[in-house]
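[1] The following comprises the amino acid sequence and a computationally predicted model.
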Amino acid sequence: MLLGGLAAVGGLTAAPAQTGQVVVYSARHYGQEPAFEAFTRRTGVQIKMLNGGTGELLERLKAEGDKTPADVLLTVDAGNLWNAARAGLLQKMDSPELQASIPAHLRDPEMRWVGLTVRARTIMYDTRKVKPAELSTYEALGDPKWKGRLCLRTSGYVYNQSLIATMIRRHGEARTAEIVRGWVANQPVILSSDTKILEAIAAGRCDVGLTNHYYLARLLAKDPAFPVAPFWADQATTGTHVNVSGAGVTAHARNRAQAIKLLEFLSSPEAQQMFADVSFEYPANPQAGVTPLVARWGRFKQDDLNIAAAGEFQAAATRLADRVGYK
Ligand SMILES: [Fe+2]
């Protein structure tokens, strides 16, 4: 698969360092444009984007080494950011401002990446058939009452790897295996995207599922009568699993200072609000507001486990899913 926009920035490889631009390799395909434009208006610094899948961009950064034109890597899921940091592709950012803006559980303890937007991966239910009182925890989706009524995404997708990885960090492998075994015992319908899960619930194919919250917000923006609602899982205990989209400065960034300035701007309440309004995500900076469609779902307790666990336990999560037969 070809990287979108490859030709546009391909020539930058040989270009001299310029202070007037920041090159962003982005695996996040929507929502950042207004904030990028605001940064350029404010600073005069141009932003050049190269879009691609996370795997492609990481391979490209490795292959380019110190010749890379990239200053910033922007991607989704802490598991991906953690993998980029572990591969030596990101550098530590010395920025008290970033540390103040982004809560500690949403950034790398070594400050090689920070979360910029927050996505909750939680229980979605058919509002025509399920009452919120019937729901409680991720674990309770393994109750036999949900047999044949549960839709899940494939276990190999990074969002689910991260969910299971953070469960391992929280509960240990044995209990996490019990939880996932419970889901598998309910013979879930396995689908290939979060949107398909929500559409399957609306179509009556299943009654409950697990997805990121913003996919539901997008469907509700198009159809306010879409018959699915979120339930915030694990509120009586550790809180709902959250993940991030986020960014770091590349190890060989030519425009390091400007790259950090860009990330500081993106973490400011003003830019965070722009992200939230376009993408229906929660701002990582708690000072920024939530967009109305999402705000009406109320406040909920986030699991405040450091999201780096998504990477640290990713391999263990994959093995666990295989072992208990979650496809
Ligand atoms: Fe997504």
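    On my side now, so go ahead.
[2] okay, CA-based contacts and neighbour counts for the rest of this
    Will do.
[3] Mind listing what's buried along stretch 302-310?
    Within stretch 302-310, the residues scored as buried using 16 or more other C-alpha atoms under 10 Å are 302, 303, 305, 306, 307, 308, 309, 310.
[4] How about stretch 24-34?
    Those would be 24, 25, 26, 27, 28, 31, 32, for stretch 24-34 by 16+ other C-alpha under 10 Å.
[5] now, among those residues, which is nearest to residue 45?
    Residue 45 has its nearest neighbour among these in residue 24, at 12.4 Å by C-alpha to C-alpha.
[6] quick one: the closest one is in a helix?
    No. Counting by DSSP: H, G, I helix; E, B strand; the rest coil, residue 24 is located in no helix; its state is strand.
[7] now the buried residues of stretch 24-34 as CSV including pLDDT and distance to residue 225?
    Output for the buried residues of stretch 24-34, formatted as CSV (pLDDT from 0 to 100; distance: C-alpha to C-alpha, whole Å):
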residue, pLDDT, distance to residue 225
24, 98, 38
25, 98, 37
26, 97, 33
27, 95, 31
28, 89, 28
31, 80, 24
32, 87, 28
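[8] I'd like these as CSV, with distance to residue 293 appended.
    Listed next are the buried residues of stretch 24-34 as CSV, based on distance: C-alpha to C-alpha, whole Å:
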residue, distance to residue 293
24, 30
25, 30
26, 26
27, 25
28, 22
31, 16
32, 19
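[9] Closest to residue 297 out of these?
    Closest to residue 297, out of all of the buried residues of stretch 24-34 and judged by C-alpha to C-alpha, is residue 31, at 20.7 Å.
[10] What strand or helix carries that closest one?
    Using DSSP states H and E, residue 31 falls within no helix or strand.
[11] That one and residue 278 touch, don't they?
    Yes. Using C-alpha atoms under 8 Å, residue 31 is in contact with residue 278, at 5.1 Å.
[12] The closest residue to residue 91 other than its chain neighbours - how many residues pack around it?
    Among residues not flanking residue 91 along the chain, residue 251 sits closest, at 4.7 Å (C-alpha to C-alpha, 6 or more residues apart in numbering). Residues near residue 251, counting by other C-alpha atoms under 10 Å, number 21.
[13] Low-confidence bits of this structure, can you list those?
    Low-confidence segments of the chain (pLDDT under 70): 1-19.
[14] make it 90
    For the chain, applying pLDDT under 90 flags the ranges 1-19, 28-33, 275-277.
[15] for it, what's the longest strand?
    Criterion DSSP state E: the longest strand present in the chain is strand 114-126.
[16] What is the subsequent helix or strand relative to that one?
    Counting by DSSP H and E, what follows strand 114-126 is strand 150-153.
[17] So which elements touch that next one?
    strand 189-191, helix 194-202, strand 208-212 (3 or more C-alpha pairs under 8 Å, 6 or more residues apart in numbering; DSSP states H and E).
[18] Residues in contact with the longest one: which ones?
    The one in question is helix 194-202. 124-126, 151-153, 191, 206-212, 215-216, 226-228 (C-alpha atoms under 8 Å, 6 or more residues apart in numbering).
[19] What subset of those residues is buried?
    124-126, 151-153, 206-212, 215-216, 226-228.
[20] Look up how far residue 47 lies from residue 59.
    22 Å (C-alpha to C-alpha, to the nearest Å).
[21] Contacts only, for the closest residue in space to residue 30 that isn't next to it in sequence.
    Nearest non-adjacent residue to residue 30, counting by C-alpha to C-alpha, 6+ apart: residue 279, 7.0 Å away. Listed by C-alpha under 8 Å, 6+ apart, the contact partners of residue 279 are 30, 31, 214.
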